[in-house]
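Q: compute the structure for the input listed below.
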Amino acid sequence: MQNIYFYETEVGRIAIAMEEKFLTNIFYEDRLNSLESDQFVECETKEIKNVFHQIQEYLRGERKVFNIQILLKGTNFQKSVWERLIKIPYGVTCSYKEIAKQIGIPKGARAVGMANHNNPIPIIVPCHRVIGTSGNLVGYGGGLDLKQKLLTLEVKHKILPRGLRPLGSIKESWTP
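A: The predicted model follows:
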């Protein structure tokens, strides 16, 4: 049984779910109705409060790196994609094709896209930083408007190490 708690944020209503001290899910508003109540107990634990606090800091542009223990549940392939996403720095984008190459499956861009779609911990596992090879914003579980909002937030607050590609460097049409 997992604990879950609901919050209002700048990006809409979310639910944060944890198993013991590990974050297992962040649900956006459009997925809240599909939650199975027998999987969760509504309880605001100190760990859930900590995750919420870090998400608030991120949404204000004050946090660039999360300090949260996560538990990724999925196939080995999905986990390999999600673990790679965690390595994409704040303010940097990467294409589905680049991720596929980095995990050793150069023709696996579509499979990477499906793994992104099934990411159980959006924002913390930053699937919003993955864009199309053309530089277009494509696919996001929270919708393209939210993806653009998160990327725009990061553009506004980025401080990049030397040599990393800033958001929007592939195609500027979506930037503010």
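
Q: for the rest of this, base every contact and every neighbour count on C-alpha atoms.
A: Fine.

Q: tell me where the model's unsure across this structure.
A: The chain contains residues with pLDDT under 70 at 30-37, 159-176.

Q: hmm, try it at 80
A: Filtered on pLDDT under 80, the chain yields the residue ranges 30-38, 134-136, 138-143, 157-176.

Q: so how far is Ile4 from the residue of it most remote from its centre?
A: For the chain, the residue at maximal distance from the C-alpha centroid (Cα atoms, centre = their mean) is Asp38, at 25.3 Å. Note on Asp38: its distance to Ile4, by Cα to Cα, to the nearest Å, is 11 Å.

Q: what do you get for Gly139?
A: From Gly139 to Ile4 the distance is 26 Å (Cα to Cα).

Q: quick one: which of the two has more around it?
A: Neighbours were counted for Gly139 and for Ile4 using other Cα atoms under 10 Å; Ile4 has more, 24 against 18.

Q: what about the helices in the protein?
A: 46-59, 76-86, 96-102, 109-117, 144-157 (DSSP state H).

Q: in JSON lines, list those along with mean neighbour count.
A: Listed next are the helices of the chain as JSON lines, based on neighbours: other Cα atoms under 10 Å:
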{"stretch": "helix 46-59", "mean neighbour count": "17"}
{"stretch": "helix 76-86", "mean neighbour count": "18"}
{"stretch": "helix 96-102", "mean neighbour count": "20"}
{"stretch": "helix 109-117", "mean neighbour count": "19"}
{"stretch": "helix 144-157", "mean neighbour count": "18"}
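
Q: of these, which is nearest Tyr28?
A: Nearest of those to Tyr28, taken as Cα to Cα: helix 144-157 at 10.2 Å.

Q: between that closest one and helix 46-59, how big is the angle?
A: On the basis of axes from the mean of the first three to the mean of the last three Cα atoms, to 10 degrees, helix 144-157 is oriented at 70 degrees to helix 46-59.

Q: oh, and call the first residue 644 from now on, that's how I've got it
A: Taking 644 as the first residue, the last one we looked at is helix 787-800.

Q: helices and strands around helix 787-800, which ones?
A: The helices and strands touching helix 787-800, judged by 3 or more Cα pairs under 8 Å, 6 or more residues apart in numbering; DSSP states H and E, number zero.

Q: could you dump that helix to PDB, C-alpha only?
A: C-alpha atoms of helix 787-800 as PDB (Å, rounded to 0.1, in the frame of the first residue of the first chain):
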ATOM      1  CA  LEU A 787       2.200  20.100 -24.800                       C
ATOM      2  CA  ASP A 788       1.100  23.300 -23.100                       C
ATOM      3  CA  LEU A 789       2.500  22.000 -19.800                       C
ATOM      4  CA  LYS A 790       5.700  20.700 -21.500                       C
ATOM      5  CA  GLN A 791       6.200  24.200 -23.000                       C
ATOM      6  CA  LYS A 792       5.600  25.800 -19.600                       C
ATOM      7  CA  LEU A 793       8.200  23.600 -17.900                       C
ATOM      8  CA  LEU A 794      10.800  24.200 -20.700                       C
ATOM      9  CA  THR A 795      10.100  27.900 -20.700                       C
ATOM     10  CA  LEU A 796      10.600  28.000 -16.900                       C
ATOM     11  CA  GLU A 797      14.000  26.300 -17.300                       C
ATOM     12  CA  VAL A 798      15.000  28.600 -20.100                       C
ATOM     13  CA  LYS A 799      14.200  31.600 -17.800                       C
ATOM     14  CA  HIS A 800      16.200  30.200 -14.900                       C
END
